[in-house]
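In: Below: sequence and its predicted model.
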Amino acid sequence: MSKILIVEDEQAMLIGLHDNLEFEGYEVDTASRGDDGLKKILTGGFDLVLLDVMLPGLSGFDVCKKARAAGIDTPVILLTARGEELDKVLGLELGADDYVTKPFSLRELLARIKVILRRAGNGSASGGIFLTIGQIQVSFDAYEAKTLKGDVVKMSHKEFEILHYLHRQAGRIVTRDDILDQVWGMDYQPTARTVDNFIVRLRTKIDTDESQHIITVHGVGYKLVL
């Protein structure tokens with residue numbers, strides 16, 4: 001049974017999501033403040049977080065940023081009432097996996113939850129084939145990464161997907177638009193800066209000062225060199 005944390009300060013919304021997700025068979029926990037939600041996220045044990053952007057205590061953006069900085073890679077879906085492009089882009093840049101703009105249909109939200117949990121569920125089946133990329137080994141089937149010494153490497157689902165796409169195109173130049181289209185889909189419309197930020201994070205895990213595997217092709221995009 002997947003465990004979902006809802007961080008939402010609108011009580012009617014919180015109760016409605018809680019009851020519907022429980023009806024769908026999920027184990028559900030809740031928080032109505034950003035700081036309380038962050039404490040629960042940092043304890044671990046959740047398979048997905050539904051995180052409102054406008055919260056007392058800490059904003060959803062701050063909660064997401066602090067959780068990622070602490071090495072928490074639990075998938076996050078942002079709930080935003082604004083629907084403004086800058087909010088969506090900022091959320092993705094801070095490490096959110098998806099966002100839903102209020103008002104949203106329950107069917108749409110459940111569909112997005114199922115997609116993300118299905119991807120994350122791949123990580124529960126250890127024993128996938130590991131490929132060596134730079135200073136880490138990655139199993140794209142299992143959504144697992146480890147150092148060459150066997151230590152676990154924390155990577156978000158978007159980082160796995162970007163690296164997987166780069167690996168499939170290894171040796172070829174891919175543009176930022178290619179990555180946006182393949183990883184996010186054009187419906188989400190994040191910016192090239194979003195891609196750049198994720199590439200920076202990937203490089204800290206893959207590359208060393210002596211060896212670089214994700215190469216910047218200035219004015220064009222990126223290339224993975226194995």
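Out: Perfect, I can see it now.

In: Contacts made by stretch 55-65 with the rest, please.
Out: 7-9, 32-38, 41, 51-54, 66, 76, 78-80, 90-91, 94-96 (CB atoms under 8 Å, 6 or more residues apart in numbering). The way it works is simple: take the backbone N, C-alpha and C, and place the C-beta from them, glycine included.

In: which parts of it are buried?
Out: For stretch 55-65, a neighbour-count test (16 or more other CB atoms under 10 Å) marks 55, 57, 58, 60, 61, 62, 63, 64, 65 as buried.

In: For it, what is the distance to the chain centroid?
Out: Centroid displacement of stretch 55-65 relative to its chain, using CA atoms, centre = their mean, to the nearest Å, is 16 Å.

In: same question, stretch 103-120
Out: 14 Å.

In: Return the helix or strand in this structure with minimum mean pLDDT.
Out: helix 85-93 (a mean of 69; mean pLDDT, DSSP states H and E).

In: Quick check: what element follows it along the chain?
Out: strand 98-101 (DSSP states H and E).

In: what comes up buried for that next one?
Out: Those would be 98, 99, 100, for strand 98-101 by 16+ other CB under 10 Å.

In: From residue 35, how far out is the first one?
Out: Shown here: residue 98 relative to residue 35, a distance of 23 Å by CB to CB, to the nearest Å.

In: give me the number of residues near the residue nearest to residue 221 when sequence neighbours are not counted?
Out: Nearest non-adjacent residue to residue 221, counting by CB to CB, 6 or more residues apart in numbering: residue 175, 4.0 Å away. Residues lying near residue 175 (other CB atoms under 10 Å) number 15.

In: try residue 76
Out: 29.

In: same deal with residue 140?
Out: 19.

In: ok, it touching residue 160?
Out: Yes. Counting by CB atoms under 8 Å, residue 140 touches residue 160, with 6.6 Å between them.

In: Going by residue numbers, what spans are strands in this structure?
Out: Using DSSP state E, the strands found in the chain span residues 3-7, 27-31, 48-52, 76-80, 98-101, 131-133, 136-139, 144-147, 173-175, 214-217, 221-224.

In: For those strands, please prepare JSON lines with the additional fields mean pLDDT.
Out: Converted to JSON lines, those look like this (pLDDT from 0 to 100):
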{"stretch": "strand 3-7", "mean pLDDT": "96"}
{"stretch": "strand 27-31", "mean pLDDT": "96"}
{"stretch": "strand 48-52", "mean pLDDT": "95"}
{"stretch": "strand 76-80", "mean pLDDT": "90"}
{"stretch": "strand 98-101", "mean pLDDT": "84"}
{"stretch": "strand 131-133", "mean pLDDT": "90"}
{"stretch": "strand 136-139", "mean pLDDT": "90"}
{"stretch": "strand 144-147", "mean pLDDT": "89"}
{"stretch": "strand 173-175", "mean pLDDT": "94"}
{"stretch": "strand 214-217", "mean pLDDT": "94"}
{"stretch": "strand 221-224", "mean pLDDT": "94"}
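
In: tell me the most buried of those strands?
Out: strand 48-52 (a mean of 26; mean count of other CB atoms under 10 Å).

In: from the middle of its chain, how far away would it be?
Out: 11 Å.

In: and it, what does it pack onto?
Out: On a contact count with 3 or more CB pairs under 8 Å, 6 or more residues apart in numbering; DSSP states H and E, strand 48-52 meets strand 3-7, helix 34-43, helix 60-69, strand 76-80, helix 106-121.

In: Return the set of buried residues in the second one.
Out: Yep, that's helix 34-43 we're talking about. 34, 36, 37, 38, 40, 41.

In: Specify which member of those residues is nearest to residue 168.
Out: Comparing those against residue 168 with CB to CB places residue 41 closest, at 31.7 Å.
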